[in-house]
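> Mind folding the following:
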Amino acid sequence: MDIKPINTEKDYQQALKRLQTIFDAKKGTKDGDELEILSILIDSYESKKFPIEMPDPIEAIKFRMEQMNMKPKELAEIIGFKSRASEILNKKRKLTLDMIRKLSFTLHIPTDVLVQEYVTE
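As a prediction, the model looks like this:
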């Protein structure tokens, strides 16, 4: 087992290649231990090199509505008025704290996503 930090793209590619070789290793074996450590190193490198940004709050709401086959009318029932739902979806109005709480609870969108700043039109 030759484990070392992943600092470059070359290191990363080598680690991925080795991971593929030992991918089916059994837990508790030498290769299994190497697989576990290598997975942690690769995950750490990918998190630093390819960070995933949080989605725009309104796009997250639209996406979740689509997943749930929800209509704007149903969104209006959650946040109050039909006109307000339309303004929110068209980025004409900002989300309030009360709306964020209700949307997070009902649509299961993390509050971290909903409280982010976004530009209104």
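> Just give me the neighbour total for Leu38.
By other C-beta atoms under 10 Å, the residues close to Leu38 number 20. In this view, the C-beta of every residue, glycine as well, is placed from N, C-alpha and C.
> ok, now Arg101?
Using other C-beta under 10 Å, the number of residues around Arg101 comes to 13.
> Assign a three-state SS to the one residue sitting closest to the centre of the chain, would you?
Centre of the chain computed as the mean C-alpha position; nearest residue by C-alpha atoms, centre = their mean is Met54, 6.1 Å away. The three-state label for Met54, taken from DSSP: H, G, I helix; E, B strand; the rest coil, comes out as coil.
> pLDDT score for it?
With respect to pLDDT, Met54 has a value of 90.
> for it, phi and psi?
The phi/psi pair for Met54 (degrees, to the nearest 10) reads phi -70, psi 150.
> Show me the domain layout of this protein.
For the chain, automatic domain parsing gives the domain ranges 9-49, 57-114.
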